[in-house]
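1. Okay, predicted coordinates and the sequence, questions at the end:
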Amino acid sequence: MPVCATLPAATCPGCAEPLEGPVLLRGRDRLMGGPGEFTVLRCMACGLASTQPRIGAEQFADYYPASYQPAPRAGLVERLRLAAIVRLGPYRMLARRPPGRMLDVGCGNGELARAFARRGWRVAGVEPGRHAAARARAGGVEVHRGTLEDAPWRGPTFDGVIFNHSLEHVPDPAGSLCQAAALLRDGGVVAVAVPNFDCWQRRVFGSRWFQLDLPRHLQHLDRQTLAALMVRAGLRPVAQSTASMRPALLVSLQYAVFGRARWTGRGLRLAAWALAPLLWVLDRFVAGDCLHMLAIKETRARRVDGER
């Protein structure tokens, strides 16, 4: 049976055991330049890596300053890219199902939700950011501004739930997956995309790996730890894959050379597109820096049969 609980701050966010594992990395906020040094610890009980100390709501202003605004609404190229991701990428298993009701947790501006809406899905989103939530709502997405914990939906409501690079930010990933499972109808799908802590870029760059993103990423997942969280929530993983985020390698290189990103904007995006063929080839042989996993909430009859 799934275990849903609110975790004390001093315990592993994956299994609730005391967090006493070894220090894997030490680093600082290279993206925003916020204060302090942070460590990444691995739990001895379940293997999940997490950031310590964990920032609280009162510290958000230091690490998410007012100048940190969501991206503007996507243009034609970005909409085509999202359409390709939905149709051919890691969410294709969900997209090929008959359209139903979908929840995007951490929906941002709502672009991914709208890509599913264009395929006939009825979409809703959860988003804590005021500006992003307003833009998603203006684009036609039903948005709850807040978190999954205080969202208004109760009981099996959705046929699909997506965590698109949001699960690494939530304080209690096990609880969030458990809540997502409770909101799913039988046979529904949870789709998760997170940075892949087991990728080659993390091994090469260490604390200067762009997707480490201390301290905003509260936990750091790989195939084993993400699958274990899904199983703990009562979900059955059915598909997984990895891929490389195009700009990430170039930013990691800047972190390694300069300690921060000095080259951003359009030039970086163009260079990232030029690098895409090389990353595509590398992805055929080594694990990319983004991990995608899909899991199904089995029907009640099958769950009961499995518990006998």
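-> Received the coordinates, thanks. Numbers count the residues shown, from 1 in each chain.

2. For the stretch 151-300 of the chain, which segments are assigned as strands?
-> Remark: strands assigned in the stretch 151-300 of the chain by DSSP state E, counting those that start in this stretch are 158-164, 184-195, 219-220, 236-243, 290-296.

3. Highest mean neighbour count out of those?
-> For those, the largest average neighbour count (mean count of other Cβ atoms under 10 Å) is found in strand 219-220, namely a mean of 27. Yep, even glycine has a C-beta here, placed from its N, CA and C like the rest.

4. Which pLDDT value goes with Phe60?
-> pLDDT, Phe60: 67.

5. Ok, Leu31 next?
-> Model confidence at Leu31, given as pLDDT, is 90.

6. Met102 touches Trp153, doesn't it?
-> No: the criterion here is Cβ atoms under 8 Å, and Met102 misses it with Trp153 at 11.9 Å.

7. Between those two, which contacts overlap?
-> Ala124 (Cβ atoms under 8 Å, 6 or more residues apart in numbering).

8. Thr11 is nearest to which of the strands of the stretch 151-300 of the chain?
-> Ranking these by their distance to Thr11 (criterion: Cβ to Cβ) puts strand 219-220 first, at 12.2 Å.

9. tell me what that closest one is packed against?
-> Contacts of strand 219-220 with other secondary structure elements, assessed using 3 or more Cβ pairs under 8 Å, 6 or more residues apart in numbering; DSSP states H and E, are made with strand 49-52.

10. between Met102 and Trp153, which one's more packed in?
-> A side-by-side neighbour count of Met102 and Trp153, using other Cβ atoms under 10 Å, places Met102 first with 25 against 16.

11. now the more buried one: how far from Ala151?
-> Between Met102 and Ala151 the computed distance is 14 Å (Cβ to Cβ, to the nearest Å).

12. got it, and Gln219?
-> If you measure Gln219 against Ala151 using Cβ to Cβ, the figure is 21 Å.

13. so what's Leu226 closest to, chain neighbours aside?
-> Setting aside the residues directly before and after it, Leu226 is nearest to Met293 in space (Cβ to Cβ, 6 or more residues apart in numbering), at 5.4 Å.

14. For the one you found, list the residues it contacts.
-> So, once contact is read as Cβ under 8 Å, 6+ apart, Met293 ends up touching 191-192, 223, 226-227, 230, 237, 239-240.
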